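Participant: Take a look and give me a structure for this.
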Amino acid sequence: MAQIPSSGRAVVKSVVSGDTVVLRGRPVNGPPPERVLSFANVSAPRLGSAKEPEREEAFAFESREYLRKLLVGKEVAFKVEYTTTTNKRDFGVLTLAPPGLNGETNLTRILVKEGWLKVKQPEGKRTANEETVLLSGLEEEAQAAKKGIWADPSTTRKVASEVSDLRAFLEKHKKTPIDAIIEQVRDGSTYRVCLLLPWGNQYITLMLSGVKAPIYRKDVPGTEDLVEPYAEEAKYFVEVRLLQREVKVILEGVSNNNFVGSVIHPVGNIAEALLGDGFAKVVDWTLTLVTDGPAKLRAAEERAKGKKLRLWKDYVAKQRESDHDFDAVVTKIITPETILVQSIKSEQERKITLASIRVPKAKDDKEAGYNWEGRELLRSKVIGKKVHVSIDFVKPAEAGFERRECATVRVGDQNLAELLVSRGLAQVVRYRKDDDNRASAYDQLLIAEDAAMKAGQGVHSKKDNPLPKITDASENAQKAKQNFLSLQRGGLIKAVVEYASSASRFVVWIPHDNIKLTFLLTGIRGFRVGRTPSEKSEPFAQEALDYVNKKVLQRDVEIKVDSMDKTSGFVGTMFLPGKHNLAVLLLERGFAELHEYSASKTTFGRELLAADAVAKEGRKGIWSIKDPNESNGAEEVAVEAVESVQEETKEVQITEILGSGQIYVQVMGPDSKRLEKLMSDFADHHKKFSGPQHTPRNGEYVSGQFSADNAWYRARVKKVNQEDKTFQVLYIDYGNSEILPLERIRVLDSQFSTMTLPAQAIEAQIAYLNLPKAEDDFHEDVYLRLQELTEGKVLQARVVGRTKSTGSTGSVINVLLFDKDHSTTESLNEILVREGLGTVAKLYAKHFAQEQKAGVTDSKGKGKSNALASLVAAQEDAKKARSGMWRYGDFTEDD
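Facilitator: Model (predicted):
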């Protein structure tokens, strides 16, 4: 740093001791030059150091304090009289501007007269000059008057340079303004401070709460110099205002071995001043500690941003979309941080992510309960209610994540994100200091999190919170029967609708008993909704489903259970708030048909009949395309038989591989062991069999002797060949077929009937694919590859839909197959496509392309069907690699 001349005028920057000052010149294109000057021919008591505080002499601190209060920040005249040759120290004289102090302007004389300096007498042959004689006379007067260092008794201040227990010290003095002196400015936001406590002086290092100035690190032994842009200017900015000034310090926290707090000068808060002039930025990690709250600091930073001052010279204000603020109704709680809302003005449905929070993981056994609590809290607070949405920022689609609108959502004055954070059901995301993509109420979130942490709320309680155990009363017939009577006798039961598969079929949760069940509306027939692209919905099925989702999804309702169906579902009436019967509302709009038989059995039959008449008369819904006078046939189909397909995963073994992707599977479970027992008994039975010859009919269940091993198996006759008296049979527990002569067929004893144990072979289709038929090229390759991938293995089959069986009155499950014991998430379907052994069915490929064009999914496949996206990607890989059936190029180009 440049040095000021040996004489002239300067400002006193600081006082080192009672006889030495630091002078500061005028700043020119940066921090000003400095000079350290000691008073000539006098000395003051020596101050102790941090390492050797015991070496401090009596009255040393008082001597320095007198001079500090007299000079710091003031302009003086100075002259260097001589410089020592050994340590290059400058000695000279300082002069105050007239009239000085009591008419005296020479500072050496003033200090000697007040008793704060000792006069050095000439040594050796040197004689005292006129000035020395004058100073000696002033010294004698001070001694006689017992001024300054000559007072009785002599004292040495109590001082501590370190705090042994920072936390205990903080708790004792926290939030209490303490008188202090800023002894050193390390950088714009870090200071060495002397606390003036009743027992003495305590030195600490203090970092400002809520702000961070650029780093200034110079001439530190063993550490590389680092001076960030504007660091010197920020340091100078603070020095001219605070260095060796008396301030109030408020201790607010601890960071490593330093205290964190606020410094209040009589003219204001230095943190606000730094931020307002662009010398510092707000930092989130200590912002919550600020005693006066974050609002003033944020406002000061915003002013600097607006003016593009210093650290913000390249700042570009964030552009907000035109529809960033709107009122909406919450239609669905997807997760505790993601909701669906419908704009009141545009009626557009938008997925909103609560900005700047992270919720506990639903798949983490230790946190799943908190995730569930957060979702339930939001559901109870805002589902179906009006909220105000302010879009804070938009995260573009990247790294497999879809585009997300991140917002602050309020119901009344309540910020939903803040509500979750305050209960410990969410944590606040930390950002880089230059990242403005954060919630508009980010500071309030930090404060709420700090309070939740101190109170040990939610995830901060250090307690595991697994997902609550909810009993599924519709899991099987036994559980349904166990719960039926209590539910039937319960009258109106409070419940929450978790899911709607159609307008008349729901999954509901009963909080009081912590059970969930399948619930069907009595008295009506709902329309079937297609669950796969290939499955067509009945007319008005989707409109009806949309209506009930809007009315009851995740809403509090009341249900009255009347009966049970054959699939462990509970049948009855559902009431919305206000005692509105949902079945009546559906019939009035033509979104369901009356089922006269079940309607006649309910106490609300007249209401249902009247609602049906209203819809028919007004030609609403289904009656706009159907003649109301025609029999709808609903009375022939019990409402209990209406069943929707929900995606589920089963553990299976493949027992038969046919062409075109058709397979048979056995579901692993209790029935597997029952089958083993049955087959053992079945073999014993046929060893002793002595019954007559039996000629079966088409469709009849029989015992068939398999030609490959001559063992007997349960079978069903699929075709009777009258000409040669042979029979085509399907082995119902394994899925294979063959043609048998009459002597290999026996009657099936009732003890082995499907009433004892249902057929174990389930017809399935490898989902979404076109695979070679038996007569096509590559059929054998597909067969062998499937055999290699599945033989002897337990697989996971994800059921994604059902289609009607061409060979029976039943249905075929469409499945995605996964190797249960393999770490990869790639399905067997995808492996076949990637190796060029199959193609994605054109209908599904076309549907996926339409989704991409419409923006429903991005290029990485995030959308309605991740599985379909993976299959389409695998097919593109197979094309490029010329794998399998693509070896001669794209054979679909002419389609």
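
Participant: Show me where the stretch 1-150 of the chain has its helices.
Facilitator: 60-71, 107-113, 130-145 (DSSP state H, counting those that start in this stretch).

Participant: and among the ones you listed, the most buried is which?
Facilitator: Of all those, helix 107-113 carries the top mean neighbour count, a mean of 23, counting by mean count of other Cβ atoms under 10 Å. (C-beta placed from N, C-alpha, C; glycine too.)

Participant: Which strands or helices does the lowest-mean-pLDDT helix or strand in the chain pack on?
Facilitator: Least confident element among the helices and strands of the chain, by mean pLDDT, DSSP states H and E: helix 842-854 (a mean of 75). In terms of contacts (3 or more Cβ pairs under 8 Å, 6 or more residues apart in numbering; DSSP states H and E), helix 842-854 is packed against helix 866-881.

Participant: The helix it packs on: which residues count as buried?
Facilitator: For helix 866-881, the neighbour count (16 or more other Cβ atoms under 10 Å) marks Ala867, Leu868, Ala869, Ser870, Leu871, Val872, Ala873, Ala874, Gln875, Ala878, Lys879 as buried.

Participant: Could you export the residues you listed as a markdown table, including distance to Glu780?
Facilitator: Shown next, in a markdown table, are those (distance: Cβ to Cβ, whole Å):
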| residue | distance to Glu780 |
| --- | --- |
| Ala867 | 27 |
| Leu868 | 27 |
| Ala869 | 30 |
| Ser870 | 26 |
| Leu871 | 23 |
| Val872 | 26 |
| Ala873 | 27 |
| Ala874 | 21 |
| Gln875 | 21 |
| Ala878 | 18 |
| Lys879 | 22 |
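
Participant: Looking at those, spot the one nearest Leu520.
Facilitator: Ala867 (29.4 Å; Cβ to Cβ).

Participant: so Leu340 sits right up against Val329, yeah?
Facilitator: No. With contact defined as Cβ atoms under 8 Å, Leu340 does not reach Val329; the gap is 9.8 Å.

Participant: follow-up on the earlier one: ok, of the buried residues of helix 866-881, which one's closest to Lys687?
Facilitator: For these, the nearest to Lys687 is Ala867 (47.6 Å; Cβ to Cβ).

Participant: Excluding chain neighbours, what is closest to that closest one?
Facilitator: Nearest non-adjacent residue to Ala867, counting by Cβ to Cβ, 6 or more residues apart in numbering: Leu816, 5.5 Å away.

Participant: I'd like the distance between that neighbour and Val652.
Facilitator: As defined by Cβ to Cβ, to the nearest Å, Leu816 lies at a distance of 12 Å from Val652.

Participant: Comparing these two, which shows the higher neighbour count?
Facilitator: Val652 (26 against 22; other Cβ atoms under 10 Å).

Participant: Quickly note the distance from the more buried one to Gly669.
Facilitator: For Val652, the distance to Gly669 - Cβ to Cβ - is 10 Å.

Participant: same question, Lys51
Facilitator: 76 Å.

Participant: before we move on, what about Pro533?
Facilitator: With distances taken as Cβ to Cβ, Pro533 is found 30 Å from Gly669.

Participant: cool, and Lys454?
Facilitator: Taking Cβ to Cβ, one finds Lys454 at 49 Å from Gly669.

Participant: Also Val282?
Facilitator: According to Cβ to Cβ, Val282 stands 59 Å off from Gly669.

Participant: These two - which one has more neighbours?
Facilitator: The neighbour comparison of Val282 against Gly669 (other Cβ under 10 Å) goes to Val282, with 21 against 11.

Participant: Which residues does the more buried one form beta bridges with?
Facilitator: Val211 (DSSP bridges).

Participant: by contact count, what packs against the helix ranked longest in the chain?
Facilitator: Longest helix in the chain, counting residues (DSSP state H): helix 670-687. Helix 670-687 sits against strand 712-721, with contacts defined as 3+ Cβ pairs under 8 Å, 6+ apart.

Participant: what does the strand it packs on contact?
Facilitator: 679, 682-683, 686, 696-706, 727-734, 737, 739, 745-746, 748, 752, 754, 759, 807 (Cβ atoms under 8 Å, 6 or more residues apart in numbering).

Participant: Now, the residues you listed that are in helices?
Facilitator: Members of the contacts of strand 712-721 lying in helices (criterion: DSSP H): Met679, Phe682, Ala683, His686.

Participant: Kindly reformat these as CSV containing distance to Ser504, neighbour count and pLDDT.
Facilitator: As requested, the ones in helices among the contacts of strand 712-721 are exported to CSV (distance: Cβ to Cβ, whole Å; neighbours: other Cβ atoms under 10 Å; pLDDT from 0 to 100):
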residue, distance to Ser504, neighbour count, pLDDT
Met679, 41, 16, 93
Phe682, 42, 20, 93
Ala683, 47, 12, 93
His686, 47, 14, 92
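
Participant: tell me which of these is nearest to Arg834?
Facilitator: Nearest to Arg834, judged by Cβ to Cβ, of the ones in helices among the contacts of strand 712-721 is Met679 at 37.7 Å.

Participant: picking up where we left off before, got the angle for the longest helix of the chain vs strand 712-721?
Facilitator: 80 degrees (axes from the mean of the first three to the mean of the last three Cα atoms, to 10 degrees).
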